[in-house]
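*Asks:* fold the following and give me the result.
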Amino acid sequence: MTAPSQGPLVGTSPDGIVSRRSPWSVAETVTRLISALEGGGVKLFATIDHSGEAERAGLTLRDTKLLVFGNPAAGTPLMQEKPLIAVDLPLKVLVWQDEVGHVASSSG
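*Replies:* Numbering: from 1, shown residues only. I've put the predicted structure just below:
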């Protein structure tokens, strides 16, 4: 997946969150990420639809989805060696739309 190299959604925040602008919609970005994960042998544990849950609660939120993924064969030895690494596992990527309609994926 190639993303534009410039724009308001590109960069690293002070807290270490890396964001990359996506040329696709949230839905298409999620589909492409899932395909790439599964193609690389990574397990998708969950897709959390934050905007859908907000709507069910009577609230509004721009399109926002969280993918939770990992590789138990790779993560388990890490957790055996350093149990507290489990706080950061599994990995996550947020796909979201900003106030002007740009889409980004962000992870930390």
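
*Asks:* now do the same contact list for the residue nearest to the spatial centre of the chain.
*Replies:* For the chain, the residue sitting closest to the mean C-alpha position, by CA atoms, centre = their mean, is residue 93 at 1.5 Å. For residue 93, the contact set (CB atoms under 8 Å, 6 or more residues apart in numbering) comprises 33, 66, 67, 69, 105, 106, 107. For glycine as for every other residue, the C-beta is placed from the backbone atoms N, C-alpha and C.

*Asks:* pLDDT score for the third one?
*Replies:* In this prediction, residue 67 carries a pLDDT score of 98.

*Asks:* distance of it from residue 45?
*Replies:* Residue 67 sits 9 Å away from residue 45 when distances are taken as CB to CB, to the nearest Å.

*Asks:* and if you look at the last one?
*Replies:* Plainly put, residue 107 is 15 Å away from residue 45 if you go by CB to CB.

*Asks:* got it, and the fourth one?
*Replies:* As judged by CB to CB, residue 69 and residue 45 stand 6 Å apart.

*Asks:* intersection of neighbour lists for the two?
*Replies:* Shared contacts of residue 69 and residue 45, defined by CB under 8 Å, 6+ apart, are found at residue 90.

*Asks:* so which of these two has more stuff around it?
*Replies:* Counting neighbours by other CB atoms under 10 Å for residue 69 and for residue 45 shows that residue 69 has the greater number, 19 against 13.

*Asks:* mind checking which helix or strand the more buried one is in?
*Replies:* Element membership of residue 69 [criterion: DSSP states H and E] is strand 64-70.

*Asks:* sheet partners, orientation included, of that strand?
*Replies:* Using DSSP bridges, the strands paired with strand 64-70 in its sheet are strand 43-49 (antiparallel), strand 91-97 (antiparallel).

*Asks:* what residues sit buried inside stretch 101-108?
*Replies:* Within stretch 101-108, the residues that count as buried by 16 or more other CB atoms under 10 Å are 102, 103, 104, 105, 106.
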